[in-house]
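Chemist: here is my input, please return the structure:
(2 chains)
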There are 2 protein chains.
Amino acid sequence: MNVFITGIGLIGGSFAIDIKATFNEASIYGIDKNEDNLDEALALGLIDYKSSIDDIKSADVVIIAIPVDATVEVLPIILDKINEDCLVFDVGSTKEKLCQTVSDHVKRRNYLAVHPIAGTEFSGPQAAIANLYRGKTNIICEVEKTAFKLQERGMEIFSRLGMRIRYMDPASHDKHIAYVSHLSHISSFMLGKTVIDKEKNERDIFDMAGSGFASTVRLAKSSPAMWAPIFRHNKDNVIETLEEYIANLEKFRRLMKEDAFDQIYQEMEDTNHIKTILKGIN
Amino acid sequence: MNVFITGIGLIGGSFAIDIKATFNEASIYGIDKNEDNLDEALALGLIDYKSSIDDIKSADVVIIAIPVDATVEVLPIILDKINEDCLVFDVGSTKEKLCQTVSDHVKRRNYLAVHPIAGTEFSGPQAAIANLYRGKTNIICEVEKTAFKLQERGMEIFSRLGMRIRYMDPASHDKHIAYVSHLSHISSFMLGKTVIDKEKNERDIFDMAGSGFASTVRLAKSSPAMWAPIFRHNKDNVIETLEEYIANLEKFRRLMKEDAFDQIYQEMEDTNHIKTILKGIN
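Modeler: Here you go, the predicted model:
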């Protein structure tokens, strides 16, 4: 099985590790616009061969693991170049624009729209780890538009990597993921910014920060190259979540100004319910 | 050494565990307005004896580990009742109001204002753990107002528990801790609220949430009984941080509306600097 992975970073590289570990016959071909990444991926043993999009005709599976704006550009080109029996899937955090882009492509049935809910705040080939996907949710959109035998090939990979499959239409995916993922990144980035702006001239003040602060700003370490395009793709949904978030913060501020600490207590107690919701996520 | 701990939850209970482990001669007396907590603390072996504030005359050390509003009430009463050679310290997350409250107390020199930057999102006696304080920062305010030999007694405890000491005036403490701790809690609680409000009628949507969301809303599991009084005590500082945070979020929203994704990229890249700052916090 010839697996081509374009974008050998955290996400693509972690696919490479697990596919090599669970498919004895797999050969992994790496494609990356950054030649250093490719050399590093080869040195780390993530890929068997450096390759380019011109060799993609021999692929049985193509995994696109690059920022979503680049995926929109490259997906139709890859579909043009693959053979008839090749499965192409992307792993981006937005799905609607991608599905629209290729909806009329003659090889639409070779494409599977996939979003594995997995990652860390790190990036690059050296961030790739084994078992990143084990036990994680994998959302598949418009599954009915993919050829059945290629769906099966995808499922075999996702199953061996230990993923839990959920099906969803692209518009619902993008709307809900804005709440449970994209908004968290903005809240974390802006928290980091607020504190850095205020404390940048204060020596040693971050000694006062504990594990709670570290946890809440962890996502502010994420890659802008990955996240700016996600926010652009999912602009309307993300703006909606951001407006609701700002409104809730403004209400909190108003309650504080009015000394309505009983209501603040109540808001927090109602939100403690998140304990139950988060059970099972790690 | 008779150590009285009022409030046998996560913080007080974790002090009890480590003091018992590092001072062979220590007897731990528990005080808690919740009788069930006290029974549980005894059953868990956190304390040697159930006690009450009326027995506090025999204390060599009193640790106050209850919400900050209750501490303001009880600290002067405890100072009234202790013997001349007893050290009293609290571990609350705000310091200015407490220091003001006892500034003219005849036993001011028996009190040490302390804030260990340690904790988890859990609460109650069963949340108490060994080594919670090891390697953590412990902020001490107005150290010069405490009798020297009682400072030494406190330092011996903090040293055996493995804490790193920093000195700070109460006003600076409350101002900076609003940024690096209190604001994180509000950002996390309101993120949790925003998502719960939107998704409460959507079955299974939280399957889509990954470790990033879990990390960012972790603090929304925190105890409202502890946090509402902290926000009240530190009202002006917290409102200031909240206003800056909201302004940053509003700028982010404006940039999105204007499709200024290059600037959004830049904001995120500048904030990535948090990686360096967080090194060493866990």
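Chemist: could you check how far the residue nearest to A:V88 when sequence neighbours are not counted is from B:F4?
Modeler: Residue nearest to A:V88 in three dimensions, not counting chain neighbours: A:V62, with 4.4 Å by Cβ to Cβ, 6 or more residues apart in numbering or on different chains. C-beta: built from backbone N, CA, C; applies to glycine. Using Cβ to Cβ, to the nearest Å, one gets 68 Å for the distance from A:V62 to B:F4.
Chemist: could you do A:I11 as well?
Modeler: Using Cβ to Cβ, A:I11 is found at 54 Å from B:F4.
Chemist: got it, and A:I19?
Modeler: Remark: distance between A:I19 and B:F4 (Cβ to Cβ) = 60 Å.
Chemist: helices and strands of chain A: which one bottoms out on pLDDT?
Modeler: Least confident helix or strand of chain A, by mean pLDDT, DSSP states H and E, is helix A:274-278 with a mean of 81.
Chemist: that one near chain B anywhere?
Modeler: Yes: with Cβ under 8 Å from any Cβ of the partner chain as the criterion, chain B is reached by helix A:274-278 at A:274-275, A:277-278.
Chemist: next, the nearest residue to A:L75 once chain neighbours are set aside: phi, psi?
Modeler: Nearest-residue entry for A:L75: A:V102, 5.9 Å, with adjacent residues in sequence omitted and distances by Cβ to Cβ, 6+ apart. A:V102 adopts backbone torsions of phi -110, psi 10, taken as degrees, to the nearest 10.
Chemist: picking up where we left off before, name the nearest of the residues of helix A:274-278 next to chain B relative to A:Y49.
Modeler: Proximity of the residues of helix A:274-278 next to chain B to A:Y49 (Cβ to Cβ) peaks at A:L278, which lies at 41.5 Å.
Chemist: who's in contact with the closest residue to chain B within the stretch 1-150 of chain A?
Modeler: Residue of the stretch 1-150 of chain A nearest chain B, by Cβ to the nearest Cβ: A:I117 (4.2 Å). Residues in contact with A:I117 (Cβ atoms under 8 Å, 6 or more residues apart in numbering or on different chains) are A:136-139, A:181, B:208-210.
Chemist: near chain B, which residues of the stretch 1-150 of chain A?
Modeler: Proximity of the stretch 1-150 of chain A to chain B (Cβ under 8 Å from any Cβ) is limited to residues A:117-121, A:136-137, A:139.
Chemist: quick one: end-to-end distance for stretch A:162-170.
Modeler: 23 Å (Cα to Cα, to the nearest Å).
Chemist: contact partners of it?
Modeler: Here stretch A:162-170 makes contact (Cβ under 8 Å, 6+ apart) with A:95-96, A:98-100, A:113, A:116, A:131, A:133-143, A:155, A:158, A:176, B:204, B:207-208.
Chemist: among the residues you listed, which lie within strands?
Modeler: A:113, A:116, A:137-141 (DSSP state E).
Chemist: buried ones among the residues you listed?
Modeler: Among the ones in strands among the contacts of stretch A:162-170, the ones that count as buried by 16 or more other Cβ atoms under 10 Å in any protein chain shown are A:113, A:116, A:137-141.
Chemist: measure the residue nearest to A:V88 to A:G13 for me?
Modeler: Noted for A:V62: a distance of 15 Å to A:G13, by Cβ to Cβ.
Chemist: more crowded one of these two?
Modeler: A:G13 (29 against 26; other Cβ atoms under 10 Å in any protein chain shown).
Chemist: let me know whether that one touches A:L46 as I believe.
Modeler: Yes: applying Cβ atoms under 8 Å, one finds A:G13 in contact with A:L46, separated by 4.7 Å.
Chemist: so what sits against both of the two?
Modeler: Shared contacts of A:G13 and A:L46, defined by Cβ under 8 Å, 6+ apart, comprise A:125, A:128.
Chemist: quick one: A:I28 and A:P116, what's the gap?
Modeler: 17 Å.
Chemist: one step back: and the residues of helix A:274-278 next to chain B as a markdown table, adding neighbour count?
Modeler: Formatted as a markdown table, those follow (neighbours: other Cβ atoms under 10 Å in any protein chain shown):
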| residue | neighbour count |
| --- | --- |
| A:I274 | 24 |
| A:K275 | 15 |
| A:I277 | 21 |
| A:L278 | 18 |
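Chemist: tell me the contacts of the residue nearest in space to the middle of chain A?
Modeler: The residue lying closest to the centre of chain A (Cα atoms, centre = their mean) is A:S93, at 4.5 Å. Residues in contact with A:S93 (Cβ under 8 Å, 6+ apart) are A:68, A:115, A:177, A:181-182, A:230, A:234.
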